[in-house]
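# Predicted model and sequence below, questions to follow.
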Protein chains: 2
Amino acid sequence: MSHYYYLCSNCGKDFPAYKIERELIYLCPSCGEAKRNQPLKGVLILKYDYQEIKKGKLKDKLANSKCGEIWNFPEILPLEFDRKNNNYPLIDETRLKSLSLNSAPLIKIDYNRFNLFAFDDTRNPTFSYKDRASILVVMKAIQLGIKNISAASTGNAGSSIAGICARFGLHSNIFVPKTIPESKRIQIQAYGANLFIVDGTYDDAFDLCLEVSNKKKWLNRNTAYNPLTIEGKKSAAYDILIAFNQKIPDNIFVPVGDGVIIGGLYKGFLELKELDLIEKLPRLIAIQSSGSNQVVRYFKSKKFELQSAETIADSICASVPRNLYMADEAITKSGGFAIEVSDEEILSAQKEIIQKFGIFIEPSSAASFAGFKQAVSSGLCTGNELNLLMFTGNGLKDMNSLKTWNKNLKAKKFEEWLFDLNE
Amino acid sequence: MSHYYYLCSNCGKDFPAYKIERELIYLCPSCGEAKRNQPLKGVLILKYDYQEIKKGKLKDKLANSKCGEIWNFPEILPLEFDRKNNNYPLIDETRLKSLSLNSAPLIKIDYNRFNLFAFDDTRNPTFSYKDRASILVVMKAIQLGIKNISAASTGNAGSSIAGICARFGLHSNIFVPKTIPESKRIQIQAYGANLFIVDGTYDDAFDLCLEVSNKKKWLNRNTAYNPLTIEGKKSAAYDILIAFNQKIPDNIFVPVGDGVIIGGLYKGFLELKELDLIEKLPRLIAIQSSGSNQVVRYFKSKKFELQSAETIADSICASVPRNLYMADEAITKSGGFAIEVSDEEILSAQKEIIQKFGIFIEPSSAASFAGFKQAVSSGLCTGNELNLLMFTGNGLKDMNSLKTWNKNLKAKKFEEWLFDLNE
């Protein structure tokens, strides 16, 4: 018998692990729906025997762990684990350990004396938060004996799964919209992925990936669709607890596109509360670009309407947030809120973070800082509480956004510079 | 009295720290020379009281440390350290710790059953090995009360010092040749550096940086010229010892441009030997591109002749290796050798490493793997010994090299893909 099972986030039915995994089922077999241009219905979440876990050593292990080794807690991971030999069967331990994430992710952000930190996930193995999901999906594929993984992506998820597959010798098949930034496309190809460039939107790529993967029996890593993406992304909640020495922030500002990062964080904190490791949930605050604000609109109206999305923060550009309902639950039940910021505010926040703190973030990450400023100035939260910004992707992956605020300097001859500078 | 002093690598004279540092002296006051288009003469190295250190706890600390926290060993760093309070005066500890390097840098490279590992420095704070030097230089500047740092760079060193300066609120002034890859230029500017684009070579930029920095009293981080660059780069020797559990490899393959990384590694291993922490030096093997092979030629002829350099591996492109003499000493005295590989071999090695092992290296890093293959096939070393490749820079910084081996795929409509893939 397995130490975990799957539960539908919509209808509440539960399913044993063997049934879901052997048949490569992703959404709830009872009510799940992946309709074109609609958020997913019946997203599955993982559940464990929390009473049993509480009797074990998780609390002590967390107090003595460093950040970024998400595989150190097999009791809360949906993988086969060999307690006797203390390893994951079939998984090369050396390669796994080489995938350690940032071990010192916290950076104090000095800004008007606020109590503000950033959580830096830009130095992960493929340089984004998505690695948290990809590592778990790849470990699962290896244990299931599947050699091909697929995913739809605007860039980060694709390069993440391609890179982690490369590390373990698996094949990746990535479906991207033709608007993907060139450098993100090259990164995915560089990792040796099979690339499918769809003459359409991310949502078209998402749907195509579902159809093809089902037929080919590829393990699908589509975000939210594969429950392990949410499960992998919960690991940041554990890392936050470790980084703050068994405390957690009052407010966490999360860039939101598909809603899987915020959904994963929520899942992680809920679990920590169920395990009596924290007393209350942090408020999860969703930040979107005004050009891609589906979650903000749904949070207010509880209605989803298709509307095309466009923002310079391509990693949070989603006209159909696949994990919309769970994202909304994460915001609402944690006492958080959802706000939107302009692309100009995002670029200005990016500049400020890179120049004042030396963290090379991409625009979507900067949205969290822009959102923090807005939340404080509108009185939605106080800067005196403990605040955390999630930095989820590396700016090197898409230099185009940086070109807009970099001067083009003229090359001068040696002697000319000397003349100028000796003045 | 200080716990360290400066020693000339050429004439062997020694100098007290206060004299060198207060007067911003870089090369040996007795024989030092920084001539245009010549390797530096009289490069200074740091020395400590090794007998005294041996009485202390360095050995135990190394056995219980994780990689990437180079500031954990103040006894072998040329900085003021407060033993009572266990900190570096004037240096913000939170910011310092946020600069932790890769904590799990070793990756096993499966290649024809050879005993081969890679050391991954591509996930450092600014994504290159240069951070090891920059962190030390910035700490020194803070303790000396200097707010401006300068450097000449082909890209990595510049973005490294610019990024580390940004983290600590210092100003950076970077001199680059106009041939700098666009993405590296943008990265330097993004960090808010003052950028001087020189209509000339890297060597022109190097000389200009010296002249201007002397006049402006900026702390100069020019590689090799500032002894702390070599000293910072020695830290990888300590990290290698930690990573291999108090053992070291037989052979280390090092991409070589200016010769500072190999010089720094040599310094580090010499020190470890002097401290009885290792029994013998690893062989240091210099790998260069045939388009920039000054160190290889000097190793054979012991003569330096100016010759313009050109290679796709821009981080190891140096027509005048400033640390030539120390690099040659490192190779010779460690029993190593120097070989050159073609740009084609470099690109092919880059492709192999990224696709088979998921490490996103830049071309200069790949040179180490190309060099390893050549060394084995020419019988210069046996693959059965423990071999280590140094991966010193991230491929995201210069995507142009990757474009050459990435197919340009055509975007297809959703229906066309489905048709193709359902066949």
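Sure thing, it's come through.
# For the rest of this, base every contact and every neighbour count on C-alpha atoms.
Will do.
# tally of neighbours for the closest residue to A:Ala318 other than its chain neighbours?
Of all residues not flanking A:Ala318 in the chain, A:Gly257 sits nearest, at 5.4 Å (Cα to Cα, 6 or more residues apart in numbering or on different chains). Neighbourhood size, A:Gly257 [other Cα atoms under 10 Å in any protein chain shown]: 30.
# got it, and A:Trp218?
22.
# Go ahead and confirm it touches A:Ser150.
Yes: counting by Cα atoms under 8 Å, A:Trp218 touches A:Ser150, with 6.2 Å between them.
# Now do stretch A:303-318: distance to the chain's middle.
Here the centre of stretch A:303-318 is set off from its chain's centre by 16 Å, with Cα atoms, centre = their mean, to the nearest Å.
# Check which residues of it are buried.
Buried residues in stretch A:303-318, counted by 16 or more other Cα atoms under 10 Å in any protein chain shown: A:304, A:309-318.
# what residue is smack in the middle of chain A?
A:Ile261 (4.0 Å; Cα atoms, centre = their mean).
# dump the residue contacts of A:Ile186.
Going by Cα atoms under 8 Å, 6 or more residues apart in numbering or on different chains, A:Ile186 touches B:399, B:402-403, B:406.
# In a markdown table, list the residues you listed along with distance to A:Asn10.
Listed next are the contacts of A:Ile186 as a markdown table, based on distance: Cα to Cα, whole Å:
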| residue | distance to A:Asn10 |
| --- | --- |
| B:Met399 | 43 |
| B:Leu402 | 44 |
| B:Lys403 | 45 |
| B:Asn406 | 43 |
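# Export these to a markdown table and append columns for distance to B:Asp82, neighbour count and secondary structure.
Compiled in a markdown table, the contacts of A:Ile186 are given as follows (distance: Cα to Cα, whole Å; neighbours: other Cα atoms under 10 Å in any protein chain shown; DSSP: H, G, I helix; E, B strand; the rest coil):
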| residue | distance to B:Asp82 | neighbour count | secondary structure |
| --- | --- | --- | --- |
| B:Met399 | 44 | 23 | coil |
| B:Leu402 | 47 | 20 | helix |
| B:Lys403 | 50 | 16 | helix |
| B:Asn406 | 52 | 16 | coil |
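# Give me every residue in the stretch 301-423 of chain A lying close to chain B.
Listed as neighbours of chain B in the stretch 301-423 of chain A under the rule Cα under 8 Å from any Cα of the partner chain: A:351, A:354-360, A:396-397, A:399, A:402-403, A:406-407, A:409-414, A:417-418, A:421-422.
# Among the residues you listed, which ones are in strands?
Per DSSP state E, strands hold no members of those.
# For PyMOL, write the select line for the buried members of those residues.
The PyMOL command for the buried members of those (criterion: 16+ other Cα under 10 Å) is given here:
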select buried, chain A and resi 351+354+355+356+357+358+359+360+396+397+399+402+403+406+411+412+413+414+417
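# Just the residues of the stretch 301-423 of chain A next to chain B: which are in helices?
Counting by DSSP state H, those place A:351, A:354-357, A:402-403, A:414, A:417-418, A:421-422 in helices.
# List just the nearest of those residues to B:Gln246.
Ranked by distance to B:Gln246 (Cα to Cα), these are led by A:Phe357 at 34.8 Å.
# show me the contacts for the closest one.
When contacts are counted by Cα under 8 Å, 6+ apart, A:Phe357 touches A:109, B:166-169.
# can you pull the alpha-carbon coordinates of the strand or helix carrying A:Glu211 into CSV?
Assigned by DSSP states H and E, A:Glu211 belongs to helix A:202-216. What follows is helix A:202-216, C-alpha atoms only, in CSV (Å, rounded to 0.1, in the frame of the first residue of the first chain):
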residue,chain,number,x,y,z
TYR,A,202,0.3,28.9,-25.3
ASP,A,203,-3.2,27.5,-24.9
ASP,A,204,-3.1,25.9,-28.3
ALA,A,205,0.3,24.4,-27.4
PHE,A,206,-1.2,23.1,-24.1
ASP,A,207,-4.1,21.4,-25.8
LEU,A,208,-1.8,19.9,-28.6
CYS,A,209,0.5,18.6,-25.9
LEU,A,210,-2.4,16.8,-24.2
GLU,A,211,-3.6,15.1,-27.4
VAL,A,212,-0.2,14.0,-28.6
SER,A,213,1.0,12.8,-25.2
ASN,A,214,-2.1,10.7,-24.6
LYS,A,215,-1.6,8.9,-27.9
LYS,A,216,2.2,8.4,-27.4
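# Parallel or antiparallel, list what pairs with the helix or strand just after that helix.
Next along the chain after helix A:202-216, taking DSSP H and E as the criterion, comes strand A:219-220. According to DSSP bridges, strand A:219-220 forms sheet pairs with strand A:148-152 (parallel).
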